[in-house]
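no sequence for this one, just the structure:
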DNA sequence: GTCGGTGTTATAGTTAGCTATAACACTCTG
DNA sequence: CAGAGTGTTATAGCTAACTATAACACCGAC
């Protein structure tokens, strides 16, 4: 029940991203109601206003619709809209910076794949002290 | 002279990351002096205190040393220390989240490579309307 | 010593984000 | 109608981040 908040990002933003992830993963489908503001606030031990702020961002993005007295609901077309917008934002904004970081750190495709979720197999007991990077120092 | 600040990250953090990048890229070598607090503050139109905060973070990380009345200097071993620490932080902390996002958006290796800096060649005039994603909708 | 360059500290005001608490307006159910 | 569930608004207080302005302390060179 307890979720930790990433210190480098405001909570309302992380809440928004959480809902977005659920939409993309089809955990929340079009027409589904969002968990109520008060419910989420209680569950995550967060102020209702913070949750509301996250939800209103979703409304402004056209992903969610609010029905007075009833709750907030996923709009039809929300997932497609997200795939469009988030793809563009990620490729144009985040990925270039990430890609630069990867280059700077001299990380290999193999290391990245190993560290990706779904492949947590560090398998063959990699020795802590052994230098796993031996071919990246160009000077 | 003008650098834009990423709104989703405090300036002092971005300044710290900028210096770190310069160390990794060997723009700043061990023993080199950091540009002075006042210089940076003026150049980037930022408060000297903000720059100082960034620099003091670097000191706490053991990357930089301060000599009273002279300035701040890159420590020896700074780059190696960075490669160790930043690699671990990136692979263990950032990359898993990034990797998940890539999966959610159904991005392909080809799209990522094309959007990476250094390969800005969108070449063959990609038509705005054409659906470049045709094989990722599994339902 | 004086001067100009360093880092550093002090004071104070603004803004954004989060919090607690309470109340209001709407809608469906009993 | 009353009640319990929605979203929403109002007040008020706290902290972190950034800003402006000014002053202090140290070091090397003139």
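Arrived safely, thanks for sending. Note that the coordinates shown come from a computational prediction; the quantities given were computed from them, not determined experimentally.

near chain B, which residues of chain A? Just list them.
Counting by Cβ under 8 Å from any Cβ of the partner chain, the residues of chain A close to chain B are A:8-9, A:13, A:21, A:24-26, A:83, A:86-87, A:90-92, A:94-96, A:98-102, A:104-107, A:111-112, A:115-117, A:133, A:139. Every residue, glycine included, has its C-beta placed from N, CA and C.

give me the number of residues near residue A:114?
The tally of other residues near residue A:114 (other Cβ atoms under 10 Å in any protein chain shown) stands at 16.

before we move on, what about residue A:47?
12.

how about residue A:31, secondary structure?
coil (DSSP: H, G, I helix; E, B strand; the rest coil).

check contacts around it.
A:73-74, A:76 (Cβ atoms under 8 Å, 6 or more residues apart in numbering or on different chains).

quick check: the residue nearest the centre of chain A vs DNA strand D, distance?
Nearest to the mean C-alpha position of chain A, by Cα atoms, centre = their mean, lies residue A:17 at 5.0 Å. Note on residue A:17: its distance to DNA strand D, by Cβ to the nearest atom of the strand, to the nearest Å, is 18 Å.

after whichever strand or helix holds that residue comes which helix or strand?
Secondary structure from DSSP states H and E places residue A:17 in helix A:11-24. Per DSSP H and E, the first helix or strand lying C-terminal to helix A:11-24 is helix A:37-43.

could I get the contacts of residue A:31 as TSV with neighbour count?
Listed next are these as TSV, based on neighbours: other Cβ atoms under 10 Å in any protein chain shown:
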residue	neighbour count
A:73	17
A:74	21
A:76	12
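
turn the residues you listed into JSON lines, including secondary structure, pLDDT and distance to DNA strand C.
Formatted as JSON lines, those follow (DSSP: H, G, I helix; E, B strand; the rest coil; pLDDT from 0 to 100; distance: Cβ to the nearest atom of the strand, whole Å):
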{"residue": "A:73", "secondary structure": "strand", "pLDDT": "98", "distance to DNA strand C": "12"}
{"residue": "A:74", "secondary structure": "strand", "pLDDT": "98", "distance to DNA strand C": "18"}
{"residue": "A:76", "secondary structure": "coil", "pLDDT": "96", "distance to DNA strand C": "19"}
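
mind listing residues that contact the helix holding residue A:17?
A:5-6, A:28, A:34, A:40, A:44, A:46, A:50-51, A:53-55, A:57-58, A:63-64, A:74, A:78-79, A:82-83, A:86, B:8, B:100, B:104-105.

make it 6 Å
A:5-6, A:28, A:50, A:53-54, A:57, A:78-79, A:82, B:104 (Cβ atoms under 6 Å, 6 or more residues apart in numbering or on different chains).
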